[in-house]
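In: build me a model from this:
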Amino acid sequence: MKIEGEALLLRIFIGESDRVEGKLVYKKIVEILKENDIAGATVLRGIMGYGASSRIHTASILTLSGDLPVVIEAVDKEEKIRRVIPVIERFVTKGLITLEKVNVIKYI
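Out: Next up, the predicted model:
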């Protein structure tokens, strides 16, 4: 698969311990992205953050959180990303989903 030029970056912010159907949400989302032939996805684990609840989650030894922030990023052509969003939305019960136009320079 080769992508160059304009694409969309899908970014999903959730909690590390969020679960759906007995499975971690970030794992379920990556599986969905793969099944839908999205060019690539990465899961990033945050060391600190907060969301709509305004409760701070941190990896500090003193206040070790069991629910650190997780960001899933995926990039592909706009039509493919927009097609998979309704499927992913069903599994994000708490979190944030954003889209951003990006310019792919090189994808090998």
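
In: give me phi/psi at Ile88?
Out: With angles defined as degrees, to the nearest 10, Ile88 sits at phi -70, psi -40.

In: measure it to Lys106 for me?
Out: 26 Å (CB to CB, to the nearest Å). Every C-beta, even on glycine, is put in place using the N, C-alpha and C of the backbone.

In: compare those two and say which is more crowded by neighbours.
Out: Each of Ile88 and Lys106 has its neighbours counted (other CB atoms under 10 Å); Ile88 has more, 20 against 7.

In: isn't that one up against Ile29?
Out: Yes. Counting by CB atoms under 8 Å, Ile29 is a contact partner of Ile88 at 5.6 Å.

In: how about the longest strand belonging to the chain: buried residues?
Out: Longest strand of the chain, by residue count under DSSP state E: strand 5-15. Neighbour-count burial for strand 5-15, counted by 16 or more other CB atoms under 10 Å, picks out 7-8, 10-15.

In: could the residues you listed go into TSV alongside distance to Val71 and pLDDT?
Out: TSV is the format used below for those (distance: CB to CB, whole Å; pLDDT from 0 to 100):
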residue	distance to Val71	pLDDT
Ala7	18	96
Leu8	16	97
Leu10	11	98
Arg11	6	98
Ile12	7	98
Phe13	6	96
Ile14	8	94
Gly15	11	91
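
In: out of those residues, who's nearest Ile38?
Out: Leu10 (8.0 Å; CB to CB).

In: bridging residues for the closest one?
Out: Ala74, Leu99 (DSSP bridges).

In: outside of the host helix or strand of Glu79 itself, list whatever touches it.
Out: For Glu79, the host element (DSSP states H and E) is helix 78-89. The contact list for helix 78-89 (CB atoms under 8 Å, 6 or more residues apart in numbering) reads 6-8, 10, 12, 29, 32-33, 36-39, 74-75, 97, 99.

In: closest one of the residues you listed to Gly49?
Out: Nearest to Gly49 among these, with distances taken as CB to CB, is Ile12, at 13.5 Å.
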